[in-house]
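[1] build me a model:
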Amino acid sequence: MTDERRPIRVALAEDSVLLREGLIRLFDEAGYETVAAVGDATALFSALDGSDGVAPVVADVVILDVRMPPEYRDEGVRAGIELRRRDPRRAVLLLSQYVEVVYAAELLASGAEGVGYLLKDRVASLEELSDAVERVARGGTVLDPQVVRELMSRRSDPISHLTGRETEVLAAMAEGRTNQDIAAALVIGLGAVEKHISSIFQKLALEDASSGHRRVLAVLAWLQRG
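    Residues are numbered from 1 along each chain as shown. Reported below is the predicted structural model:
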């Protein structure tokens, strides 16, 4: 959780210098404090733990490119999982050029709170980027809408018994939207949204889960069942 009286502190690991500088400017515009901006995971860990000889930085949210040096495969994912292993409360937001469902699943498996997976196309919108950063910083979960669509198309079996409207509600839930936001987007009443969500939880066998985590568990059900 962040202190709303001070700016959100962001640590960024992105190997593209142009995108890194662009993100820093967006963070400044959003009122965030960029405490570290580096090109790979090794430099990120050095900044966070102080192994570079400088006092360690404190970040509310760590934003990672999925593919970084040296091999440009899943270095950002591995770094995010390691950060979560060291501190499960660490908020981590992955940025990716493409929808890579496996990577989203791996990060979510490290813990449901304070994680996000966003496509780089979204960072052109300050509103979308700041919304994701702030929700993750507060302990929420953010999944890019395109990632949600891929999950639903690739892992349809767990939701095969949902109605069309329940599927729409579940997609919006997986994006981290509140019940009020879902009601407004689908032009239905708040009571109807709550009824659909209750039905979704029943059909996905999540009735015994903690009410605060069932939204994320619904997404994990898609990832874990074939």
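
[2] from here on, just use CA atoms for contacts and neighbour counts.
    Will do.

[3] domain assignment for this structure?
    In terms of domains, the chain is parsed into 9-144, 155-224 (source: automatic domain parsing).

[4] check the ones you listed for me: which has the lowest mean pLDDT.
    The minimum mean pLDDT among the domains of the chain belongs to domain 155-224 (a mean of 78).

[5] distance from that one to the middle of the chain?
    Domain 155-224 has its C-alpha centroid displaced from the chain centroid by 17 Å (Cα atoms, centre = their mean, to the nearest Å).

[6] ditto for stretch 133-144
    Offset of stretch 133-144 from its chain centre (Cα atoms, centre = their mean): 5 Å.

[7] now the domains of the chain in a markdown table, please, with extra columns for mean neighbour count.
    Formatted as a markdown table, those follow (neighbours: other Cα atoms under 10 Å):
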| stretch | mean neighbour count |
| --- | --- |
| domain 9-144 | 19 |
| domain 155-224 | 17 |
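
[8] hang on, residue 116 in a strand?
    Yes - assigned with DSSP: H, G, I helix; E, B strand; the rest coil, residue 116 falls within a strand.

[9] that one reaches residue 92, doesn't it?
    Yes - with contact defined as Cα atoms under 8 Å, residue 116 reaches residue 92; the gap is 6.4 Å.

[10] who touches both of the two?
    Contact with both residue 116 and residue 92 is made by residues residue 136, according to Cα atoms under 8 Å, 6 or more residues apart in numbering.

[11] give me the distance between residue 184 and residue 59.
    33 Å (Cα to Cα, to the nearest Å).

[12] repeat that for residue 15.
    Separation of residue 15 from residue 59 (Cα to Cα) stands at 19 Å.

[13] with residue 86 instead?
    14 Å.

[14] cool, and residue 31?
    For residue 31 relative to residue 59 (Cα to Cα), the value is 14 Å.

[15] the residue located most distally from the centre of the chain sits in which helix or strand?
    Of all residues in the chain, residue 53 has its C-alpha farthest from the mean position, at 30.9 Å, by Cα atoms, centre = their mean. Residue 53 is part of no helix or strand, with elements assigned from DSSP states H and E.

[16] OK, contacts around it?
    No contacts exist for residue 53 under Cα under 8 Å, 6+ apart.

[17] would you list every one of the helices in this protein?
    With DSSP state H as the criterion, the chain has helices at 17-30, 41-49, 75-86, 101-109, 126-137, 145-154, 164-174, 179-186, 190-203, 214-224.

[18] save those helices as TSV, and put in distance to residue 67 too.
    As requested, these are exported to TSV (distance: least, Cα to Cα, whole Å):
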stretch	distance to residue 67
helix 17-30	14
helix 41-49	10
helix 75-86	6
helix 101-109	11
helix 126-137	19
helix 145-154	17
helix 164-174	24
helix 179-186	32
helix 190-203	34
helix 214-224	21
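
[19] who's in contact with stretch 177-187?
    So stretch 177-187 is contacted by 169, 172-173, 189-190, 192-194 (Cα under 8 Å, 6+ apart).

[20] got JSON lines for the residues you listed, with distance to residue 133 too?
    What follows is these, written out as JSON lines (distance: Cα to Cα, whole Å):
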{"residue": "169", "distance to residue 133": "22"}
{"residue": "172", "distance to residue 133": "18"}
{"residue": "173", "distance to residue 133": "17"}
{"residue": "189", "distance to residue 133": "28"}
{"residue": "190", "distance to residue 133": "26"}
{"residue": "192", "distance to residue 133": "29"}
{"residue": "193", "distance to residue 133": "25"}
{"residue": "194", "distance to residue 133": "26"}
